[in-house]
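**Student:** here is the input, now give the coordinates:
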Amino acid sequence: MIRAWLQRLASWETFLAALTLALIGYAVAALPTFATSFNLSQAIAGVSERALIVLPMVLLIIAREIDLSVASILALASVIFGVAVAHGIPLFGAMALALAIGALCGAFNGFLVTLLGLPSLVVTLGTLAMFRGIGYMILGPDSVNEFPESFSNFGIDTVGDTLIPWTIIPFLVLAPLFALVLQASTIGRRIYAIGGNPSAALYSGVRVDRTRFALFVVSGLVCALAGIVFTARLANARADNAVGLELDVITTALLGGVSVFGGRGKLTGVLWALVLIATLRNVLGLEEIGGQAQGTIIGLLLVLTLLASNAAQRLVALARGRAARNYSGDRSSGDPPVLNTTSPT
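**Tutor:** Modelled structure (predicted):
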């Protein structure tokens, strides 16, 4: 029991939690404006779209896939929603249309990956440009800024007298569902099996292609929802919305302990990484460090995370190799391993 407690204490999630709390402690002590209700509410609202998109991204990376087009799907859904509202389509009808477009984009990615056998990295790199290009074809450099008052209020109001903005509520609803699916369902076990060894998962009866296709559709659907939230928060629908957002999302997933090689990761660490990156961006903003410098720091964080993940994989492989050699040596000696039961002197 003590050993299990020590292992949990030394886990990556615990390290992220300690690092996040240390950063928050520094911000509270060094930046007088950090702990104000306005800043905290704005910081929570600012992470709404990233928080939503990271949920399906975690599932995709665990299944050894990736979606680089998430920000472009968000932008295209924002454009479709804005144009629909501008042409007099009722609010919920425009939302349904944007969600359908997002699911269609995800299905297109999934079709190219599962049915044509193309690498998801290459496919979504191409659709990253294609989906945003479609947004420019529809709306051009213009924007839609006129929305119903109820929708605009959703983008700026908080829940009652709390600091919680309405824009974070979709994430708070979906996060437990994604955690339940990933950690406590048959679908979650299939996703881990696919990421661990796709061939073995296929031979054990897992419908690998169908599962991966469904993950891409879910990713597109959630990205479209994030596009609606983004449009409400900024009261603006444009084709260049959320440029570069995919960097933050992928960094959050990998920093949260999701293995870039697939088959490993939990949402607990990802949530801590989400808070850490959001706090880091907020602190850098309060320190008057610009967006380009923030992007550089986040990019560096991504590189360091990949290096740490690769080093961890090598150490695990080395430890397993040594254990296998030691076991083979004991077996070849002809004698069973002997336990030392003598008391230390």
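**Student:** can we go C-alpha only for contacts and neighbour counts from here?
**Tutor:** Will do.
**Student:** hmm, Glu65 is touching Leu118, no?
**Tutor:** No. In this structure, Glu65 is not within contact of Leu118 by CA atoms under 8 Å, at 11.0 Å.
**Student:** can you pull the contacts of Val206?
**Tutor:** Shown in contact with Val206 (CA atoms under 8 Å, 6 or more residues apart in numbering): 190, 194.
**Student:** rerun that using 6 Å as the cut-off
**Tutor:** For Val206, no contacting residues are found, by CA atoms under 6 Å, 6 or more residues apart in numbering.
**Student:** just Gly269 next, same as before
**Tutor:** 13, 256 are the contacts of Gly269 under CA under 6 Å, 6+ apart.
**Student:** what strand or helix carries it?
**Tutor:** helix 267-286 (DSSP states H and E).
**Student:** check the offset of that helix from the chain's centre.
**Tutor:** Its chain's C-alpha centre and that of helix 267-286 lie 12 Å apart, by CA atoms, centre = their mean, to the nearest Å.
**Student:** quick check: mean pLDDT of that helix?
**Tutor:** Average pLDDT, helix 267-286: 90.
**Student:** okay, buried residues for that helix please.
**Tutor:** For helix 267-286, a neighbour-count test (16 or more other CA atoms under 10 Å) marks 267, 269-284, 286 as buried.
**Student:** would you mind writing the CA trace of that helix as CSV?
**Tutor:** Coordinates of the C-alpha atoms in helix 267-286 are reproduced here as CSV (Å, rounded to 0.1, in the frame of the first residue of the first chain):
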residue,chain,number,x,y,z
LEU,A,267,-7.6,12.7,-19.1
THR,A,268,-6.5,13.5,-15.5
GLY,A,269,-3.1,14.6,-16.6
VAL,A,270,-4.5,16.4,-19.6
LEU,A,271,-6.8,18.5,-17.5
TRP,A,272,-3.8,19.6,-15.3
ALA,A,273,-1.8,20.4,-18.5
LEU,A,274,-4.8,22.4,-19.7
VAL,A,275,-4.8,24.5,-16.5
LEU,A,276,-1.0,24.8,-16.6
ILE,A,277,-0.9,26.2,-20.2
ALA,A,278,-3.9,28.5,-19.6
THR,A,279,-2.2,29.9,-16.5
LEU,A,280,1.1,30.2,-18.3
ARG,A,281,-0.5,32.2,-21.1
ASN,A,282,-2.4,34.4,-18.7
VAL,A,283,0.7,35.1,-16.7
LEU,A,284,2.7,35.9,-19.8
GLY,A,285,-0.1,38.2,-21.0
LEU,A,286,-0.1,40.1,-17.6
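**Student:** how much space between Met173 and Lys266?
**Tutor:** Slight slip there: residue 173 is Val, not Met. Taking CA to CA, to the nearest Å as the measure, Val173 falls 18 Å from Lys266.
**Student:** the more surrounded of those two?
**Tutor:** Taking Val173 and Lys266 together and counting by other CA atoms under 10 Å, Lys266 has the greater number of neighbours (19 against 11).
**Student:** tell me which element the closest residue to Val208 other than its chain neighbours falls in.
**Tutor:** Closest residue to Val208 apart from its sequence neighbours, by CA to CA, 6 or more residues apart in numbering: Leu202 at 6.0 Å. Using DSSP H and E, Leu202 falls within helix 198-203.
**Student:** show me what the helix or strand that that helix is followed by is packed up against.
**Tutor:** Toward the C-terminus, helix 198-203 is succeeded by helix 208-234 as the next helix or strand (DSSP H and E). Helices and strands touching helix 208-234, by 3 or more CA pairs under 6 Å, 6 or more residues apart in numbering; DSSP states H and E, are helix 48-62, helix 70-86, helix 91-110, helix 149-156.
**Student:** what angle do helix 208-234 and helix 48-62 make?
**Tutor:** 170 degrees (axes from the mean of the first three to the mean of the last three CA atoms, to 10 degrees).
**Student:** one step back: so which of Glu65 and Leu118 has more stuff around it?
**Tutor:** Using other CA under 10 Å as the criterion, Glu65 and Leu118 rank with Glu65 on top: 22 against 14.
**Student:** distance check, that one against Val85.
**Tutor:** Distance, Glu65 to Val85, by CA to CA: 34 Å.
**Student:** again with Leu276
**Tutor:** Applying CA to CA, the value for Leu276 to Val85 is 36 Å.
**Student:** same question, Leu225
**Tutor:** For Leu225 relative to Val85 (CA to CA), the value is 16 Å.
**Student:** who has more neighbours, those two?
**Tutor:** The neighbour comparison of Leu225 against Val85 (other CA under 10 Å) goes to Leu225, with 26 against 20.
**Student:** now that one: closest residue in space that isn't a chain neighbour?
**Tutor:** Leu99 (6.4 Å).
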